[in-house]
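Q: can't give you the sequence, but here's the structure:
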Ligand code: SF4
Ligand code: SF4
Ligand code: SF4
Ligand code: SF4
Ligand code: SF4
Ligand code: SF4
């Protein structure tokens, strides 16, 4: 299990996410805003490509191609000297970790990938065994923020004390390599702890807390009904728990909740008084960020204006 | 190469196919016979027939040095040494090549394994040629015994020993004996198909302990240190104050007036106990004690009312820790189990939902001396639950790091027992047991059938999670795998059959005693079939749940055996110590006193001013041999030339030479074999007392023979030898690396842990496959 | 049904072995320690599974069929219901992983031309990835989102660049040189070859079968 004490705040490569970029760019700007305030040393590189995770879990990308693309990103991290690869998306996190483990443990995969690099005259991308460690070099933004809760608590500018918060931790962060997460994977509490440090009233346990968001990669599209049934079940549980704000840690989950909540309301004939945001957006907000210019709440489907107004933030 | 020496005999064991299925014994024989050495083979060398063959062949062919190729020396070394002694050879004229754990079990490739076994045997042949006779060291055995742990296992073994005339110290860390058995309320009887009062059986035994002339009971006491060796252990005990003297009459006046309520661990932490109290009514000794963490007086406040009411002036706030020293000949470890912390499976809600309890909690709830005085009531509102769902194997049969891989063995029966008790007393309550397999072995099946007849429901499936709805009612989500239905079962109370785990006390004691634990943290027996209560150290025995999970019946059976083994050991009068310890050649010693740096304090000057080695303290680690610049000290049986001779025999071009310390590292390598893992056959192991004895000459010899890498594997730091030796061994490694110059890059150093045998196999494999050994 | 596609890349995800269990164990998509033969049939996976809750998919039974070497499991429509949420993987007491197994089964199905209807809408994904170095939700899926979501989203999408720049973020995608690298890597590793084969298989399938399963392009 990872220990909070060992979470770095230096040499962070903030790994860009395709879904963050085009769906919730505010997550990225909120993360860098929070990192700046919290004195985190990070780099965003425009040489880094996306992790192929969507393609991989759409069953289109094979493991070898995904690994080769990942190895290139690892080279980007090493070249820049920012080797603590830290993701905003849980699938990027899982894909990077797993491919790194594979590159370290499987000689054939490594030499295959390296041969492709050599043949393409991209020798500088060559992956050397154990040049990154699948545990020590990979993080999710949530972990960095968790290691800064004291600092966040001190800088917090907003009174969240009557905000009923619940959290949705992303499956691919805590269920894929479940031994490497912080805490117990059957009851993840990372976001809860951060939200509490800002004084929020957090519902730590609610039914279906560990239920998936329902996106399920291709399920959202090829099994739309089942996908929405799962999301509906979860939204019902959140409603029963009296929650007002749900905090996420993955853009894909956020699409499923924020973008589909109005769809579900229409199709299932119900109504939810729930708003959604990412933990980085939450922390940025707490640290005084502008809800539009930094948090990018205007990109959300469930409007947050009323909620923000209630907690005393004017948009 | 000339090995010819008419007097060496080599014996190869088939191990009933364990060795011979992989290794071609005939070609091994032919290869070695080429050198005019007599070679014999046998189906089972450890059998009478096998030993007879050894003895007869020694006589017939006037053999004077023996090499055996068989299983790990950890198994039968003593037996074989005794066997050659029977026919007049000195016990040290024997070398054993480990052809099973280091060869046939780890190298599936027959040819490679066969070739490796030849080289291992040749190594031993070369080494035995340099063997020197050693005189065994005799020590007389102290006639007292010590039992650590006052649960049912410790109670029963202490009584057996005492009744056998052996004076026994029973050490218990709690304020009373009784252990977990005192908590469980009822035990079931498979014959009478009924549940009987556990305390009714236990209490008389406890009283007997309290009054037995041959037993000295030390409660609230912990073993702090044990030194010496089999037959002559010196034990340091710390007896903690109970702040009540032994003249207490157990009248209870003090408890009545004490204003402080504390959590009662005996009753699932309910706050129904006073700061001065007795654990339970039948406690032995019948002496109250004060909880120093909560007592007002003892936490710096002013109270002392209890002292005012005590008529016999038993209360003594001035009591302090007492240090007690004991001399005993043998020790029984009976340190019991801890219940698995079910909150490590938060999906079942233990510690979150009030009405989720464990079987042990339920035992207390159903116990007449429990928090509800025996009434079945759920914690949230004290109402009688209508639906109870039990979940089996919580923390057992679970490969997750938060669980245990083994079956806890007691919990299926505990669930059936509680279901039966509830069905009899509360016919309106439905009990459903969610199980994967019901393990009701042997005659217990009769009881299972009887419980089935009572209408208890069984659902075959491991639940996914327990959720809480309004009003503290619960729902258990499970697939009934027999009907393939997904069920959401309503429950007023959920009972988790939590695993039995090695107790923290077991781990602590094992460390103090330097006995080996198995990968699950229980004390490892020497041989699961033949020596089920012997530990890795002579004179130290184990029984009950300290050894493996088991129920009361099995615990009692095993504790009787441990007592019997201890009695036999003690009545032996004398014991022979391993002669393979440091020996000094006084003609070379110039009294520089360097060797006094022995980290175990094994070397001092005797009355005549000569450097002398204490055989009771010396464990033969070999560090002093390294310290002595005059080469006056060596470890008997491990002289530099003997090791070099073995290296000469085993190492071929491209091999990896591994120096394995003879404790944990050697056992870990054996464990690779036990666990059917593998590594390449060009990895050759030479056992050493510790790697501190490895010298530059040995390593250079290996490289001269084409070794691709040399690896030294040391005892881990959390074991009593490793604690001192590991840093010294690491220093030695670094020095050697420097001295070797460029080739130093091919020298490697690791430590081993028995459960991490896979890691060791991986290290072996990567070194064996590495191009340049670096 | 088209024949097993024997290219080098699928060799890694779906190595050809004597039994299904072997293929699953050797596949790069599964963990080295996967406990498939040790499955207890305890149902913890199924009881934890969101897909099992709402459909007739049952991960425990999928594992059973794999253990029994029942190759027809790859034709079972229900394997396409898994969310890849890894809850089964987390809860399994035997270190087994139904979700990883299903990933391999889907790859095997794809190699046999089964389920290509689900895949073909994705073919542009690979090309787009090579082009930009970032993933792009396939047009068909975007189409579904366009139908589902309201004006708020459409507006945002239309103004993505300006929203991003207001947030201080640059344009989406990898720097130019990087794009070339990614294309070269994907070509070298054989990704495009495999994708080309899959496309051909999908077309062949389309020509031979009258009705087309899976989702149809509703956005047209
Ligand atoms: S300490 Fe004194 S008052 Fe308390 S039980 Fe003992 S004899 Fe009675
Ligand atoms: S002195 Fe301590 S034990 Fe005695 S009555 Fe006061 S609180 Fe209780
Ligand atoms: S005894 Fe029964 S409940 Fe306990 S671990 Fe074994 S199978 Fe599971
Ligand atoms: S061999 Fe080890 S324990 Fe024995 S005297 Fe030498 S240094 Fe001390
Ligand atoms: S949870 Fe694991 S062991 Fe149980 S049925 Fe599913 S795959 Fe098999
Ligand atoms: S990963 Fe698939 S099989 Fe496993 S629980 Fe999720 S939906 Fe079910």
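A: Alright, I've got the coordinates. Everything numeric here is computed off the predicted structure, so don't read it as measured data. Ligands and ions are numbered 1, 2, ... in the order given.
Q: so residue B:192: helix, strand or coil?
A: Classification of residue B:192 using DSSP: H, G, I helix; E, B strand; the rest coil returns coil.
Q: how much space between it and chain A?
A: If you measure residue B:192 against chain A using C-beta to the nearest C-beta, to the nearest Å, the figure is 41 Å. To be clear about C-beta, it is placed using only N, CA and C from the backbone, and glycine gets the same treatment.
Q: so how far is ligand 6 from that residue?
A: With distances taken as C-beta to the nearest ligand atom, to the nearest Å, residue B:192 is found 46 Å from ligand 6.
Q: can you check residue B:762 too?
A: Counting by C-beta to the nearest ligand atom, the gap from residue B:762 to ligand 6 is 30 Å.
Q: hang on, that residue in a strand?
A: No: read with three-state DSSP, residue B:762 is helix and lies in no strand.
Q: what's the burial count for it?
A: Around residue B:762 there are 14 other residues, counting by other C-beta atoms under 10 Å in any protein chain shown.
Q: for residue B:599, what are its contacts?
A: B:621, B:623, B:724, B:725, B:728 (C-beta atoms under 8 Å, 6 or more residues apart in numbering or on different chains).
Q: let's go with 6 Å and repeat that
A: Shown in contact with residue B:599 (C-beta atoms under 6 Å, 6 or more residues apart in numbering or on different chains): residue B:724.
Q: for stretch B:444-453, the distance to its chain's centre please.
A: From the chain centre to the centre of stretch B:444-453 is a distance of 34 Å (C-alpha atoms, centre = their mean, to the nearest Å).
Q: apologies, that question was intended for stretch A:161-176.
A: Worked out by C-alpha atoms, centre = their mean, stretch A:161-176 lies 10 Å from the chain centre.
Q: which stretches of the stretch 651-774 of chain B have low pLDDT?
A: Along the stretch 651-774 of chain B, the parts satisfying pLDDT under 70 run over B:771-774.
Q: next, the buried residues of the helix or strand bottoming out on mean pLDDT in chain A.
A: The helix or strand of chain A with the poorest confidence is helix A:219-222; it has a mean of 91 (mean pLDDT, DSSP states H and E). Along helix A:219-222, these residues count as buried under the neighbour rule (16 or more other C-beta atoms under 10 Å in any protein chain shown): A:219, A:220, A:221, A:222.
Q: for ligand 1, what's its nearest residue on the stretch 401-550 of chain B.
A: Nearest residue of the stretch 401-550 of chain B to ligand 1 (C-beta to the nearest ligand atom) works out as residue B:505 at 27.3 Å.
Q: quick one, grab the pLDDT at that residue.
A: Per-residue pLDDT puts residue B:505 at 95.
Q: below-threshold pLDDT in the chain: ranges please.
A: As the question left the chain open, I've gone with chain A. Counting by pLDDT under 70, chain A contains no low-confidence range.
Q: oops, wrong one, chain B.
A: The low-confidence ranges in chain B, as defined by pLDDT under 70, are B:1-6, B:771-774.
Q: can you report how many residues lie near the residue nearest to residue C:84 when sequence neighbours are not counted?
A: Residue nearest to residue C:84 in three dimensions, not counting chain neighbours: residue A:57, with 5.1 Å by C-beta to C-beta, 6 or more residues apart in numbering or on different chains. By other C-beta under 10 Å, the residues close to residue A:57 number 23.
Q: does residue B:395 touch residue B:497 like I think?
A: No: counting by C-beta atoms under 6 Å, residue B:395 does not reach residue B:497; the two are 8.9 Å apart.
Q: pull the number of nearby residues for the residue nearest to residue C:32 when sequence neighbours are not counted.
A: Sequence neighbours aside, residue A:105 is the residue nearest to residue C:32 in space, at 7.3 Å (criterion: C-beta to C-beta, 6+ apart). Look at residue A:105: counted by other C-beta under 10 Å, it has 14 neighbours.
Q: what of residue B:745?
A: Residues lying near residue B:745 (other C-beta under 10 Å) number 13.
Q: can I assume it sits in a helix?
A: Yes: secondary structure of residue B:745 (three-state DSSP): part of a helix.
Q: now find how far off-centre stretch B:33-40 is within its chain.
A: When distances are taken as C-alpha atoms, centre = their mean, stretch B:33-40 is centred 41 Å away from the chain's centroid.
Q: check contacts around whatever residue of the stretch 51-200 of chain A ends up closest to chain B.
A: Closest to chain B within the stretch 51-200 of chain A is residue A:187: 3.5 Å, counting by C-beta to the nearest C-beta. Contact partners of residue A:187, counting by C-beta under 6 Å, 6+ apart, are residue B:346.
Q: now do the one 5 residues further on
A: By C-beta under 6 Å, 6+ apart, the contact list for residue A:192 reads A:167, A:202, A:204.
Q: check contacts around the second one.
A: When you say that, I think you mean residue A:202. Counting by C-beta under 6 Å, 6+ apart, residue A:202 has contacts A:165, A:192, A:195, A:196.
Q: for those, which single residue is the most surrounded?
A: Most neighbours among the contacts of residue A:202, by other C-beta under 10 Å: residue A:195, with 26 neighbours.
Q: just the element for it, please.
A: helix A:190-197 (DSSP states H and E).
Q: given whichever helix or strand comes after that helix, what are its sheet partners and their directions?
A: Counting by DSSP H and E, the next helix or strand C-terminal to helix A:190-197 is strand A:201-202. According to DSSP bridges, strand A:201-202 forms sheet pairs with strand A:164-167 (parallel).
Q: which element follows the partner strand toward the C-terminus?
A: Counting by DSSP H and E, what follows strand A:164-167 is helix A:171-174.
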